[in-house]
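S.K.: Quick one, what's the 3D model for this:
(one chain, ligands or ions: 1)
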Amino acid sequence: MNRVYIKTYGCQMNERDSEAVAAMLRGRGYSMVDNEFDADVVLLNTCSVRDQAEQKAIGKTGYLTKRKRSNPDFLIGIMGCMAQNRGTELIDKLPDLDLLVGTQKFHAIPDHLDNIIATQKGLGPRPSTVVDLEEEEGSQNTIRQHISDERQVTAFVSIMQGCNMNCAFCIVPKTRGRERARPIEEIVDEIEELAEKGTKEVTLLGQIVNSYGRREIPIRNKKSPFVQLLEKVQDIKGIERIRFTSPHPRGFRQDLVEAYRDLSKLCEYVHLPAQSGSNRLLKLMNRPYSRERYLEIVDSLRTMVPNVYFSTDIIVGFPGETDADFEDTCDLFKEVSFDMAYIFKYSIRSGTPAAEMGDQISQEVKESRNQRLLGYLRESSLSRNESMVGTTQEVLIEGRAKRGELYVGKTRGYRNCLMPASDRLVGELVKMKVDRATQSTLYGDLILSGIDETDTQPVSLSNSN
Ligand code: 5AD
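M.R.: Okay, the predicted model is just below:
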């Protein structure tokens, strides 16, 4: 009765939350399995950012409840953003649900499961759904510490929860609540522990990382709390690479730009959501910056770090988006020449201001705008990758590729790499000579240290002359 499968929808924050829940459950004697068929308990960690993500999870739950007919002990839980967003309305739709847990109560899941299983053993009537959707002060501090002893080459670390922005399209302030930061020392402790177990790369996670700690932690030497945190992480022995996601263009100040120059571990890959290239639309979206300001940030980063990589989020088909607005987005997209981008078709989220706006855009128009941006992305991503053929890149090897004999890794610029390697090199930084590139992947061979171009003469030979 104690095999649990967690299925995760949505963002890295959700991945991180699922890892934390898994670690807590393992600590309670549950075992984690990697598919729903071997599980006695299936927990869905859900996403509400777009309707499609919610529909997928609802469909999955409906499908899983069929299994309860032949096995009433089989348990199903929904946790995370959709639980928070839709609340008990979900139980009306899915009456067989055993557990419904919000985004501030992940840490309570082991207790709830223990209780549900104990009640089941009493063979009483099926208890009604256990619901836990409250807010909890300090809950941002509960998503921490990887109890698992397994080594993770790369790890996500949650630095804050919630969001105080009010983007007109976005459900996240409702699902994740107000902004709350974890203390710097706790984050550093967690990363030190990860580093001791062999983690080489950390990605700091928050809805808007550059507003980290701005109410709790004072500015020092003109540096924001977020940059102070980055400096602390830079000093952690064993950590070789630092990434973060996502910053907001508002508040992306000079101290953060300079961090890319000053902190050697901070990877030169910036995911900076633009959402639109039209000033008119940015206003309607309640995004407090202009395309000019966005481009200025991009320029200042390029000046500071010439080989920087850029990635972004764009929404197409926001209510009222005209052809001219979309052309502005295309211009911005081409001007920056993004190396990576996540392009979303606007999805109505009830309860957000944009849901009430007139002039919703048709699915066909959203689709064609989406395709056009994807076309630009293919070009820019391919040309960036092709420009690397013949160069030597530093790659962190993450493991074996799913298929075939090759190993996978990433460059500092977050480009996927495939190369022949060995298990011994997993978790190591190696040098790869790129000999082939596609839009998504660099292929090449390892360069073993000591035999690169600058060091081809064995010392003993030159001495014996
Ligand atoms: N419709 C489509 N995309 C959305 N996003 C947020 N809300 C919506 C929505 N209602 C996108 C934004 C955000 C990313 C995580 O999801 O681009 O940056």
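
S.K.: Okay, buried residues for stretch 398-413 please.
M.R.: Glu398, Tyr407, Val408, Gly409, Lys410, Thr411, Arg412, Gly413 (16 or more other Cβ atoms under 10 Å). All C-beta atoms are positioned from the backbone trio N, CA, C, and that covers glycine.

S.K.: what about the helix or strand harbouring Ile242, average pLDDT?
M.R.: Ile242 belongs to strand 241-245 when assigned by DSSP states H and E. Averaging pLDDT along strand 241-245 yields 98.

S.K.: just use 734 as the starting number from now, easier for me
M.R.: All set: I'll call the first residue 734, so the last point we hit is now strand 974-978.

S.K.: Check whether that strand comes near the ligand.
M.R.: No: figure legend: strand 974-978 not in contact with the ligand (Cβ under 6 Å from any ligand atom); closest approach 9.7 Å.

S.K.: Could you check the angle the helix or strand just after that strand makes with strand 974-978?
M.R.: Next along the chain after strand 974-978, taking DSSP H and E as the criterion, comes helix 987-995. Counting by axes from the mean of the first three to the mean of the last three Cα atoms, to 10 degrees, helix 987-995 lies at 150 degrees to strand 974-978.

S.K.: and the following helix or strand past helix 987-995, which residues are buried?
M.R.: Following helix 987-995 in sequence order, the next helix or strand is strand 1002-1004 (DSSP H and E). Buried residues in strand 1002-1004, defined by neighbour count with 16+ other Cβ under 10 Å: Tyr1002, Val1003, His1004.

S.K.: Put the alpha carbons of the strand holding Ile975 into CSV.
M.R.: Written as CSV, here are the backbone C-alpha positions of strand 974-978 (Å, rounded to 0.1, in the frame of the first residue of the first chain):
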residue,chain,number,x,y,z
ARG,A,974,27.4,26.6,-12.3
ILE,A,975,24.6,28.9,-11.2
ARG,A,976,21.4,29.5,-13.2
PHE,A,977,18.1,31.1,-12.2
THR,A,978,14.6,31.5,-13.5
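
S.K.: quick check, nearest of the buried residues of strand 1002-1004 to Val766?
M.R.: His1004 (32.2 Å; Cβ to Cβ).

S.K.: Quickly list what that closest one is bridged to.
M.R.: Ser1044 (DSSP bridges).

S.K.: In contact with it, which residues are there?
M.R.: Neighbouring residues of His1004 by Cβ atoms under 8 Å, 6 or more residues apart in numbering: Thr978, Ser979, Pro980, Phe1043, Ser1044, Thr1045, Asp1046, Met1073.

S.K.: Any stretches of the stretch 784-933 of the chain with poor pLDDT?
M.R.: 855-859, 878-882 (pLDDT under 70).

S.K.: Let's see the pLDDT reported for the spatially closest residue to Ile917 that is not a sequence neighbour.
M.R.: Closest residue to Ile917 apart from its sequence neighbours, by Cβ to Cβ, 6 or more residues apart in numbering: Leu962 at 5.4 Å. Predicted confidence (pLDDT) for Leu962: 98.

S.K.: ok, and Leu962, which helix or strand is that part of?
M.R.: Counting by DSSP H and E, Leu962 is part of helix 958-967.

S.K.: now swap in Tyr1022 and tell me
M.R.: With DSSP H and E as the criterion, Tyr1022 is inside neither a helix nor a strand.

S.K.: ok, it to Phe985 distance?
M.R.: Per Cβ to Cβ, to the nearest Å, Tyr1022 is found 9 Å from Phe985.

S.K.: Give me the more crowded residue out of those two.
M.R.: With neighbours defined as other Cβ atoms under 10 Å, Tyr1022 and Phe985 compare such that Phe985 has more, 21 against 18.

S.K.: wait, the more buried one sits on Ile1030?
M.R.: Yes: with contact defined as Cβ atoms under 8 Å, Phe985 counts as touching Ile1030 (5.1 Å).

S.K.: shared neighbours of the two, anything?
M.R.: With Cβ under 8 Å, 6+ apart as the test, Phe985 and Ile1030 both reach Leu1005.

S.K.: Which of the residues in the helix holding Leu962 are classified as buried?
M.R.: Buried, per 16+ other Cβ under 10 Å, within helix 958-967: Pro958, Phe959, Val960, Gln961, Leu962, Leu963, Glu964, Val966.

S.K.: Go back to the residues you listed and keep what's next to the ligand.
M.R.: Of these, not one also sits near the ligand (Cβ under 6 Å from any ligand atom).

S.K.: for the ligand, what are the nearby residues on the stretch 984-1133 of the chain?
M.R.: Going by Cβ under 6 Å from any ligand atom, the residues of the stretch 984-1133 of the chain near the ligand are Pro1006, Gln1008, Asp1046, Ile1048, Phe1077, Tyr1079, Ser1080, Arg1082.

S.K.: got it, and the stretch 834-983 of the chain?
M.R.: Close to the ligand, as judged by Cβ under 6 Å from any ligand atom, the stretch 834-983 of the chain has residues Phe902, Cys903.

S.K.: Any idea how far whichever helix or strand Glu1112 is part of is from the middle of the chain?
M.R.: In this structure, Glu1112 sits in helix 1096-1119 according to DSSP H and E. Relative to the chain's own centre, helix 1096-1119 is displaced by 21 Å; criterion: Cα atoms, centre = their mean, to the nearest Å.

S.K.: and it, what does it pack onto?
M.R.: Packing partners of helix 1096-1119 (3 or more Cβ pairs under 8 Å, 6 or more residues apart in numbering; DSSP states H and E): strand 1042-1049, helix 1056-1069, strand 1073-1078, strand 1162-1170.

S.K.: Could you look over those and pick the most buried one?
M.R.: Comparing these by mean neighbour count (mean count of other Cβ atoms under 10 Å), strand 1042-1049 ranks first with a mean of 22.

S.K.: starting at the chain centroid, how far to that strand?
M.R.: Distance, centroid of strand 1042-1049 to centroid of chain: 14 Å (Cα atoms, centre = their mean).
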